[in-house]
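Chemist: Provide a 3D model corresponding to the input given below.
(chains A and B)
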Amino acid sequence: MEQYLTSLFGDTIWVHILMGVPPLVFILLYALVVIYLEMKMAAHMQDRLAYMRTGWHGLLQPIADMLKLLQKEDTIPAAADKFLFLLAPYVVFIGTYAAFAALPFGSAYIGSGINVGVFYILAISSLVVVGLLMAGWASNNKWSLFGALRSAAQIVSYEIPSALAILAVVMMAGTMNLQELSAMQTGGIGHWMILGGSLPLAKKLIAVPLMLVLFLIYYVSSMAEVNRTPFDIPEAESELVQGYNTEYSGMKFAIFYLAEYANLFAVSAIVTVLFFGGWASPFASLMTGPWWSAFWFVTKGMFFVSLNIWLRWTLPRFRVDQLMYMSWKVLTPFALACVVGLGLLLVW
Amino acid sequence: MNPVAEYFGDIYRGLRTATIGMRITFKHLFTRAVTIQYPTVKMKLPERARNRLYVNMDDCIGCDQCAMACPVDCIQIETIKSTPEDNLGTTSTGQKKRLHVPVFDIDIAKCCYCGLCVYPCPTECIKMTDVYEFSEFDRHSLIYSFSTMTPAEIETAKMKAKKMEEEAAAKKAAAAAAAKAAAEAKAAAPAVPVPPAPPAAPQQQKPE
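Modeler: Presented below is the predicted three-dimensional model:
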């Protein structure tokens, strides 16, 4: 796509601006879909119906919600640090949006084909923590600060197992560029990383359980990184009101929400690319091509988003000590063991 | 317990219970929702549900028994006696109506839906209906007036009743006076030796 745009506009700034548009459009559209999906899944898992009044089965409700949030009063607490308070939601959103740059939306489009892809995503999504801390601190509210501190502790500790899981996959693939990683996994379901990638069959048998464990580790820690139940202790509405969100209202609150959902897709997309073939079709050469690859990427991403929603409405929230126990005493040692095991397998 | 076994056991149990939970929520994802789309779809009420009161004024005889039974005093009834020439008709149970009922107010905001007013009614004219959506913006709109009489009718009924009462009172006064006179006469008769009374006695007997 970048080449096509360069041929149209020459090597100007417009190329880069236009390259940045698709993820933004995608995030906005996806937010509408995922809000609806989340509410409907939540309701049906509890034998309820959720929205039914706006449009057919409440299909227009996300739009109504958005319009409502746009109209809401945007309050700033008198004792808040105004500058940081205003800045925080944008920092959070930028952190998430920037991560989309290295996600390959199909074989023809990737925001930026940098060869440090996953590493860049890991680094840039740390900006989210800064934003959340900013929000918590600037609100000048004990709940907000507690939420922000918990969030920082959580994200920082879960970045370790998730980084180790990513490291293992990168070791196997030999590249950090998600576009290349996806391209490597084309040619049917058997080439997906979860099934051992392109290793010879004998090695695959050992690699599959390791990859399965790595997938679980990455999925769990990514769930913790996006602050969703059962890892929603930074928000924990029954303990902390809404955590760092407490003092926010109107559009700024909506931006936090948007960033959370966008982040959810980003981590689901990374799971997809690392373990489930990215945009590669599961049927070898069937249903391939730029559009089909975009379709597969979004479908697989949405599958993991739904899985996340499913888990959210199944499991109760962890306690802070349980959260730390899980990260440091379970996920990290297992991830290390898998990295070592996979390393031995690769050099063998 | 062996700490190593406990550690791995905990992990196993964690994964297993999570999948059990997920299986349950997945099953519920496809079970029928229990939601009733309330304003459009309504739950069927039980047969003897007690909701808004209704009074069929055609059958009301103004006996005031419902108002007396009411534990919260939300029923207010006023009655006017009918004259013999007024024919108020009979109730559907065949009772003759003898009283005008110009006021039959139920303050439904006070009503506690106990249904105690329904049982004493001799003509079964006050009853609980199945209407339960009657919220109002003004509290005073919740005072229901069931009386069917127009102000003019009430006025004439009052006049007639007053007239009748006056006539009756006059009659009564006259009767009382007569009785008194008779009693006095009787009392006077044995007391013949007392002279001043005799001229009065025949005089009083004349108008009778």
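
Chemist: get me the contact residues on chain B for chain A.
Modeler: Proximity of chain B to chain A, by C-beta under 8 Å from any C-beta of the partner chain, involves residues B:7, B:11, B:18, B:21-22, B:24-26, B:28-35, B:37. All C-beta spots, glycine's among them, are computed from the backbone N, C-alpha and C.

Chemist: and the nearest residue to residue A:203 once chain neighbours are set aside, how far from residue A:73?
Modeler: The shortest distance from residue A:203 to any non-neighbouring residue, by C-beta to C-beta, 6 or more residues apart in numbering or on different chains, is to residue A:345 (5.8 Å). According to C-beta to C-beta, to the nearest Å, residue A:345 and residue A:73 sit 58 Å apart.

Chemist: more crowded one of the two?
Modeler: More crowded of residue A:345 and residue A:73, by other C-beta atoms under 10 Å in any protein chain shown: residue A:345, with 17 against 6.

Chemist: just the mean pLDDT for the host helix or strand of the more buried one, thanks.
Modeler: In this assignment (DSSP states H and E), residue A:345 forms part of helix A:332-347. The average of the pLDDT scores along helix A:332-347 is 88.

Chemist: by mean pLDDT, point me to the weakest helix or strand of chain B.
Modeler: Within chain B, no helix or strand scores below helix B:200-205, which has a mean of 48 by mean pLDDT, DSSP states H and E.

Chemist: contacts only, for residue A:125.
Modeler: When contacts are counted by C-beta atoms under 8 Å, 6 or more residues apart in numbering or on different chains, residue A:125 touches A:95-96, A:99, A:225, A:263, A:266.

Chemist: from the residues you listed, which is closest to residue B:48?
Modeler: Proximity of the contacts of residue A:125 to residue B:48 (C-beta to C-beta) peaks at residue A:263, which lies at 56.0 Å.

Chemist: next, the angle from the helix or strand where residue A:159 lies to helix A:332-347.
Modeler: In this assignment (DSSP H and E), residue A:159 forms part of helix A:142-173. Inter-element angle recorded for helix A:142-173 and helix A:332-347: 20 degrees (by axes from the mean of the first three to the mean of the last three C-alpha atoms, to 10 degrees).

Chemist: hmm, who's touching the helix or strand that helix A:142-173 is followed by?
Modeler: Using DSSP H and E, the helix or strand that follows helix A:142-173 in sequence is helix A:178-184. Identification of contacts with helix A:178-184 by C-beta under 8 Å, 6+ apart yields A:102-104, A:107, A:110, A:113, A:115, A:117-118, A:169, A:173, A:175, A:191, A:193, A:197-198, A:270, A:273-274, A:277-280, A:293, A:297.

Chemist: may I have helix A:178-184 as CSV, with CA atoms only?
Modeler: What follows is helix A:178-184 as a C-alpha-only set of coordinates in CSV (Å, rounded to 0.1, in the frame of the first residue of the first chain):
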residue,chain,number,x,y,z
LEU,A,178,5.0,-9.0,12.3
GLN,A,179,4.5,-8.8,8.6
GLU,A,180,7.3,-11.3,7.9
LEU,A,181,6.1,-13.4,10.9
SER,A,182,2.7,-13.7,9.3
ALA,A,183,4.1,-14.4,5.8
MET,A,184,6.1,-17.2,7.4
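
Chemist: mean confidence score for the very next helix or strand once past that helix?
Modeler: Next in sequence after helix A:178-184, counting helices and strands by DSSP H and E, comes helix A:201-225. Averaged over helix A:201-225, pLDDT sits at 85.

Chemist: what's in contact with the helix or strand that helix A:201-225 is followed by?
Modeler: Where DSSP H and E defines the elements, the next helix or strand beyond helix A:201-225 is helix A:237-240. Residues from elsewhere that reach helix A:237-240 (C-beta under 8 Å, 6+ apart): A:143, A:146-147, A:150, A:233-234, A:246.

Chemist: between helix A:201-225 and the next helix-or-strand element following helix A:237-240, find me the angle.
Modeler: Remark: after helix A:237-240, the chain's next helix or strand is helix A:250-275, criterion DSSP H and E. Helix A:250-275 and helix A:201-225 are oriented at 170 degrees to each other (the same axes, to 10 degrees).

Chemist: so how far is the helix or strand following helix A:250-275 off the chain centroid?
Modeler: Next along the chain after helix A:250-275, taking DSSP H and E as the criterion, comes helix A:290-312. A distance of 11 Å separates the centroid of the chain from that of helix A:290-312, by C-alpha atoms, centre = their mean, to the nearest Å.

Chemist: what is the next helix or strand after helix A:290-312 packed up against?
Modeler: Downstream of helix A:290-312, the first helix or strand assigned by DSSP H and E is helix A:320-325. Applying 3 or more C-beta pairs under 8 Å, 6 or more residues apart in numbering or on different chains; DSSP states H and E, we find helix A:320-325 packed against helix A:142-173.

Chemist: give me the distance from the helix it packs on to the chain's centre.
Modeler: 12 Å.

Chemist: swap in stretch B:13-27?
Modeler: The answer for stretch B:13-27 is 58 Å, by C-alpha atoms, centre = their mean.

Chemist: same question, stretch A:10-17
Modeler: 28 Å.

Chemist: buried residues in it?
Modeler: For stretch A:10-17, the neighbour count (16 or more other C-beta atoms under 10 Å in any protein chain shown) marks residue A:15 as buried.

Chemist: please apply the same query to stretch A:133-146.
Modeler: Quick answer for stretch A:133-146 (16+ other C-beta under 10 Å): A:133-139, A:141, A:143-146.

Chemist: which of those residues sits closest to residue B:67?
Modeler: residue A:143 (55.2 Å).

Chemist: what's near enough to touch the closest one?
Modeler: Residue A:143 neighbours (C-beta under 8 Å, 6+ apart): A:240-243, A:246.

Chemist: low-scoring stretches of the chain, by residue?
Modeler: Just so you know, I chose chain A. A:1-2, A:236 (pLDDT under 70).

Chemist: wait, chain B was what I had in mind.
Modeler: B:189-208.

Chemist: kindly recompute the last result at 80.
Modeler: Residues of chain B meeting the criterion pLDDT under 80: B:1, B:83-95, B:186-208.

Chemist: can you give me the helices in it?
Modeler: Using DSSP state H, the helices of chain B run over B:3-29, B:65-69, B:151-188, B:200-205.
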